[in-house]
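> Quick one: sequence and predicted model below, then my questions.
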Amino acid sequence: MTIVLKPEAEERLRLKVVAVERRAVPGSRLFAGEVVRPLSSDGALTAPLLGGTLDEVLKLAEAQAAADGRMLQAQAQVDAAKIAVGRAEKVLRADAGSVRSVDEVKATLALAEAALRTAKAQRDLLGSPVGRGPQGKTSWVRVAVYSGESGLLDPKALATARGIVASGPGQSAKPVSGPLTANATTMTVDWYYELPADFAARSGERVAVEIPLVDGSAEKLVLPFAAVLHDINGGQWVYENIAPHTYARRRIQVARISGNIAVLASGPAPGTKIVTDGAAELFGTEFMTGK
């Protein structure tokens, strides 16, 4: 269908026209990520991560409470062993005891101290207490990457994160060394990225993460995403300015979104004039749904 507008109608709609371009676009893949919070302040590879489910929170809190209890028990045994050593040495100095008894209580103290070190190490693996500490200010995103595709991605490059329904350019997320986790059932490995401090997201929230490819850029057709329209069946369209005051709807196929730019799998030739601002109003005019 072709729409012909009067000049005054074009002025009221404030139509803006741009040309389709062919430019080098950095190659990337889009993944869904889950926002998690690291509970370790030292960035250890075994840092526990807290997602958004209550079951996950309760399990971690229970494990931390049990580890705290074991550490207190070990500390009490160390304190008791130190008292026993002091008493045995006093008895030996009074010529009422034996060297053997002193050696036995010292061995008991050494075992208690070893148990305390083990308990502390186990507690450190579980991170800061749930709901407390500075970890609430830091957010990571966990991305499950198909293992057969991981070799195509650049693990050291900055990724771009945005909300699932957000249409803006997104925010940069730097790669971090997280737990070495994977899922054998889905054949995926987990990659971790640290989100900016001003990234508004809660634990467990899903976000879109765009990870660059190793092979760099490729020439693609691009146009502003604001020009892309969707029909009720999911079809993607743009309006082409085919003559003065004349516009025609054309079919396109969007391969992916890069910031506020739509990268096309198929569409008009470079240089084609496409409507951006006012495209939705033209769509409403064609189907008699606008004002």
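Perfect, I can see it now. Note that the structure is a prediction, hence the values are computed from the model and not measured. Residues are numbered from 1 along each chain as shown.
> only C-alpha atoms for contact and neighbour calcs from this point on.
OK.
> Pull the residues that contact the helix or strand containing Glu8.
Assigned by DSSP states H and E, Glu8 falls within helix 7-13. Helix 7-13 has contacts (C-alpha atoms under 8 Å, 6 or more residues apart in numbering) with His245, Gly278, Glu281.
> Endpoints of stretch 191-211, how far apart?
10 Å (C-alpha to C-alpha, to the nearest Å).
> residue contacts, Arg70?
Counting by C-alpha under 8 Å, 6+ apart, Arg70 has contacts Ala119.
> try the one 10 residues further on
Taking C-alpha under 8 Å, 6+ apart as the criterion, Ala80 is in contact with no other residue.
> Of the contacts of helix 7-13 - the most surrounded one?
The most crowded member of the contacts of helix 7-13, judged by other C-alpha atoms under 10 Å, is Gly278 (19 neighbours).
> For the chain, name the helix or strand with the lowest mean pLDDT.
strand 49-50 (a mean of 82; mean pLDDT, DSSP states H and E).
> From the contact counts, what lies against that strand?
If contacts are counted by 3 or more C-alpha pairs under 8 Å, 6 or more residues apart in numbering; DSSP states H and E, strand 49-50 sits against strand 21-38.
> Can you list the neighbours in contact with stretch 144-151?
In contact with stretch 144-151 (C-alpha under 8 Å, 6+ apart) are residues Phe31, Ala32, Gly33, Ala182, Thr186, Met187, Thr188, Val189, Asp190, Trp191.
> at 10 Å what do you get?
With C-alpha atoms under 10 Å, 6 or more residues apart in numbering as the contact definition, stretch 144-151 has outside contacts at 29, 31-34, 153, 181-184, 186-192, 213-214.
> And the least confident helix or strand of the chain, how far out from the chain middle?
12 Å (C-alpha atoms, centre = their mean, to the nearest Å).
> After the helix or strand that contains Asp124, which helix or strand is next? Please name it.
Element membership for Asp124, per DSSP H and E: helix 99-125. Once helix 99-125 ends, the next helix or strand along the chain (criterion: DSSP H and E) is strand 140-146.
> could you pull out the helices for this structure?
Counting by DSSP state H, the chain has helices at residues 7-13, 54-93, 99-125, 279-286.
> How far off centre is the shortest one?
To tie it back to what came earlier, the one meant is helix 7-13. That offset, for helix 7-13, works out to 44 Å (C-alpha atoms, centre = their mean).
> And the pLDDT for the closest residue to Arg256 other than its chain neighbours?
Spatial nearest neighbour of Arg256, excluding adjacent residues (C-alpha to C-alpha, 6 or more residues apart in numbering): Val263 at 5.4 Å. Here the pLDDT value assigned to Val263 is 89.
> Is Val263 in contact with Ser28, as I believe?
No: between Val263 and Ser28 there is no contact under C-alpha atoms under 10 Å: 11.2 Å.
> Pull up the overlap in contacts between those two.
With C-alpha under 10 Å, 6+ apart, Val263 and Ser28 have common neighbours Arg256.
> And these two? Which one has more around it.
Val263 (25 against 22).
> who does that one bridge with?
Val222, Arg256 (DSSP bridges).
> how much space is there between it and Ala218?
11 Å.
> Look up how far Ala279 lies from the closest residue to Ile242 other than its chain neighbours.
Distances taken as C-alpha to C-alpha, 6+ apart place Ala248 nearest to Ile242, at 6.8 Å, with adjacent residues excluded. As judged by C-alpha to C-alpha, Ala248 and Ala279 stand 11 Å apart.
> Overlap in contacts, these two.
Val238, Tyr239, Glu240.
> among these, which are in strands?
Val238, Tyr239, Glu240 (DSSP state E).
> quick one: low-confidence ranges for the stretch 51-200 of the chain?
Scanning the stretch 51-200 of the chain for pLDDT under 70 picks out the ranges 131-137, 166-168.
> ok, so what distance separates the residue nearest to Arg256 from Leu223?
From Val263 to Leu223 the distance is 7 Å (C-alpha to C-alpha).
> joint contacts of these two?
What both Val263 and Leu223 touch, as defined by C-alpha under 10 Å, 6+ apart, is the set Glu21, Arg22, Val254.
> Now for the second one: which residues touch it?
Contact analysis of Arg22 by C-alpha under 10 Å, 6+ apart lists Ala218, Glu219, Lys220, Leu221, Val222, Leu223, Val263, Leu264, Ala269, Pro270, Gly271.
> Can you report phi and psi for Asp95?
With angles defined as degrees, to the nearest 10, Asp95 sits at phi 60, psi 30.
> any idea how far Phe283 is from the residue located most distally from the centre of the chain?
Using C-alpha atoms, centre = their mean, the residue of the chain lying farthest from its centre is Asp95. It sits 68.5 Å away. To Phe283, Asp95 is 104 Å away according to C-alpha to C-alpha.
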